[in-house]
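J.: just coords:
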């Protein structure tokens, strides 16, 4: 008899450089449209939490270690969360929004983004769904998919 104990993900944690929570709030809140939620009072200056729609899942943003987590090699890591988007139309709209923020630049702007209408920077093959990739301002790789 198999007992299923894991029923989903509660949250995914990503790291950003110390002092960049305003940039995280701009990118994850304003650009991606995730809803900010309260964090423990003792950590309000070092964490940001976001709800992923009404799924019960969250994205947690915490400070990393500048001397280890944000080296050029670390900023090119391929590990990443993948965010599911409801429809092809909303995926295209989100990609355009992320691309526009990338193009405009600024402290919270993504450091990379697949160009709308262009080829995905991910692996190729019929097995892969429609998707695009970006890197947030801290270099975290993000995938957005149907």
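T.: Cool, got the structure. The structure displayed is predicted, hence computed values, not measured ones.
J.: For residue 42, give me the pLDDT.
T.: For residue 42, the model assigns a pLDDT of 94.
J.: So for stretch 58-72, what gets flagged as buried?
T.: 58, 59, 60, 61, 62, 63, 64, 69, 70 (16 or more other Cβ atoms under 10 Å). Using the backbone N, CA and C atoms, a C-beta is placed for each residue, glycine as well.
J.: Present these as TSV; the columns should include pLDDT.
T.: As requested, the buried residues of stretch 58-72 are exported to TSV (pLDDT from 0 to 100):
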residue	pLDDT
58	97
59	97
60	97
61	97
62	96
63	96
64	94
69	90
70	88
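J.: from these, which ones fall inside helices?
T.: Counted as lying in helices by DSSP state H, out of the buried residues of stretch 58-72, are residue 69.
J.: Any idea how far apart the tips of stretch 101-120 sit?
T.: 18 Å (Cα to Cα, to the nearest Å).
J.: what helices or strands is the helix or strand of the chain with the lowest mean pLDDT leaning on?
T.: Within the chain, no helix or strand scores below helix 66-69, which has a mean of 90 by mean pLDDT, DSSP states H and E. Judged by 3 or more Cβ pairs under 8 Å, 6 or more residues apart in numbering; DSSP states H and E, helix 66-69 is in contact with no other helix or strand.
J.: What helices and strands are in contact with whatever helix or strand comes next after it?
T.: Downstream of helix 66-69, the first helix or strand assigned by DSSP states H and E is strand 82-84. Here strand 82-84 touches strand 141-145, going by 3+ Cβ pairs under 8 Å, 6+ apart.
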